[in-house]
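Chemist: test case, fold it:
(one chain, ligands or ions: 1)
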Amino acid sequence: MQDPFGRSVSYLRVSVTDRCDFRCVYCMAEDMSFLPKAEVLSLEELDRLCGAFIRMGVRKLRLTGGEPLVRRGIMTLIDSLGRRLQTGELDELTLTTNGSQLEKYAAGLAAAGVRRVNVSLDTLRADRFTELTRWGKLDKVMAGLQAAKATGLQVKINAVALRGVNEDEFDDLIAWCGDEGFDLVLIEVMPMGEIGDSARLDQYLPLSMARARIQQKWTLDETDYRTGGPARYYTVRETGRRLGFITPLTHNFCESCNRVRLTCTGTLFMCLGQNDAADLRTPLRSSEGDAALEEAIRAAIARKPKGHDFVIDRRRAPAAVPRHMSVTGG
Ligand code: SAM
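Modeler: Numbering: from 1, shown residues only. The predicted model follows:
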């Protein structure tokens, strides 16, 4: 699948649920209301949709959410997608998770063919963790990470950089990831979704600043390592691990974008930072065959925009994109 700008779309991120067992302060309001069940695709429907994308050229799938591992029966979808790794239809199946359920699922994920997981973790301090996630327990996540490690899953830690919240912990995170054998990616907070207060501007920490501070203590060697994604990677010389920076607001990464995002209601977003979307649930449910669905996917890819336009600007409304990250997945 090629978009109008010649980019080949080979990566699909699928939000399998909008529900989450955490309420991270920069992501959701505490009293979030979630989608009625009838609007959410069944696991069979999600599998069928993924199958259509795979037939059309998607080689890499990432499950996300909400929290993917809180969706009931999720392993049936993961096992089914895992079989497509065995047949060679798919190169990679990964998952972005908050880690709360990893202890339970790590072995099953590895058995299904998952090799890497991204685990979101913004702080190593238990009290701060509960403050940030409102409902999360750090020891559960740590147990999940150890289970992932024990089954041989490669782990990348995603930490959102939040001004005045965890900016004093980057050195600790780098050292800890070095000890554990994890890669680390720092993410700039993005203006997505109303989060119940006007804190977004206060949370925003430009990663150029964070990097300069990190470089006072650590040696960051340039690498040409790329995942096709927005992260810019360095190798931390002292630990040998990768450190990535995702800077959507200060660095444009759209020209190499190879991905589209599917929500759990079957809405396809061609860009994380734009509102244009395509309804795939209607063609999916309208017939048993996939012809209409494939046509809708083709039409959507033909509308993939050149780039996003997130702006954090005092003169604008705080949320440049009205939907929450939990809708489109991170
Ligand atoms: N529950 C899973 C998890 O925690 O990784 C998957 C979904 S979560 C929405 C995916 C990622 O998006 C997490 O790393 C989270 O920290 C990040 N995220 C959520 N809201 C964000 C925002 N406004 N700006 C930047 N990252 C955000």
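
Chemist: the helix or strand encompassing Phe245: what's the following helix or strand?
Modeler: When secondary structure is defined by DSSP states H and E, Phe245 falls within strand 242-246. Proceeding C-terminally, strand 242-246 gives way to strand 259-262 as the next helix or strand, assigned by DSSP H and E.

Chemist: list the strands paired with that following strand, with their directions.
Modeler: If you go by DSSP bridges, strand 259-262 pairs up with strand 11-15 (parallel), strand 267-269 (antiparallel).

Chemist: for the ligand, find the nearest of those strands.
Modeler: Taking CB to the nearest ligand atom as the criterion, the ligand comes closest to strand 11-15 out of those, the separation being 7.5 Å. Any C-beta I mention is one placed from the backbone N, CA and C, and that applies to glycine too.

Chemist: measure Asn166 to Asp31 for me?
Modeler: Asn166 sits 24 Å away from Asp31, going by CB to CB, to the nearest Å.

Chemist: comparing the two, which residue is more hemmed in?
Modeler: Between Asn166 and Asp31, counted using other CB atoms under 10 Å, the more crowded position is Asn166 (23 against 7).

Chemist: so the more buried one makes contact with Ala159?
Modeler: Yes - at 6.9 Å, Asn166 counts as touching Ala159 under the criterion of CB atoms under 8 Å.

Chemist: give me the contacts around the lengthiest strand in the chain.
Modeler: Within the chain, and with DSSP state E defining each element, the longest strand by residue count is strand 154-161. Outside of strand 154-161, the residues within contact range by CB atoms under 8 Å, 6 or more residues apart in numbering are 24, 26, 96, 115-123, 145, 148-149, 166-167, 170, 173, 177, 180-189, 205, 207, 210, 244, 330.

Chemist: among those residues, name the buried ones.
Modeler: Buried residues within those, defined by neighbour count using 16 or more other CB atoms under 10 Å: 24, 26, 96, 116-123, 145, 148-149, 166, 170, 173, 177, 180, 182-189, 205, 207, 210, 244, 330.

Chemist: so of those residues, which ones are in helices?
Modeler: Counted as lying in helices by DSSP state H, out of the buried ones among the contacts of strand 154-161, are 145, 148-149, 170, 173, 177, 180, 207, 210.

Chemist: the ligand contacts on this protein?
Modeler: Among all residues of the chain, those adjacent to the ligand (criterion: CB under 6 Å from any ligand atom) are 20, 24, 26-27, 64-65, 67, 96-98, 120, 158, 160, 187, 189-190, 192, 325-326, 329-330.

Chemist: still on that earlier bit, turn the strands paired with strand 259-262 into CSV, including mean neighbour count and mean pLDDT.
Modeler: Written out in CSV, the entries for these read as follows (neighbours: other CB atoms under 10 Å; pLDDT from 0 to 100):
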stretch, mean neighbour count, mean pLDDT
strand 11-15, 24, 97
strand 267-269, 23, 96
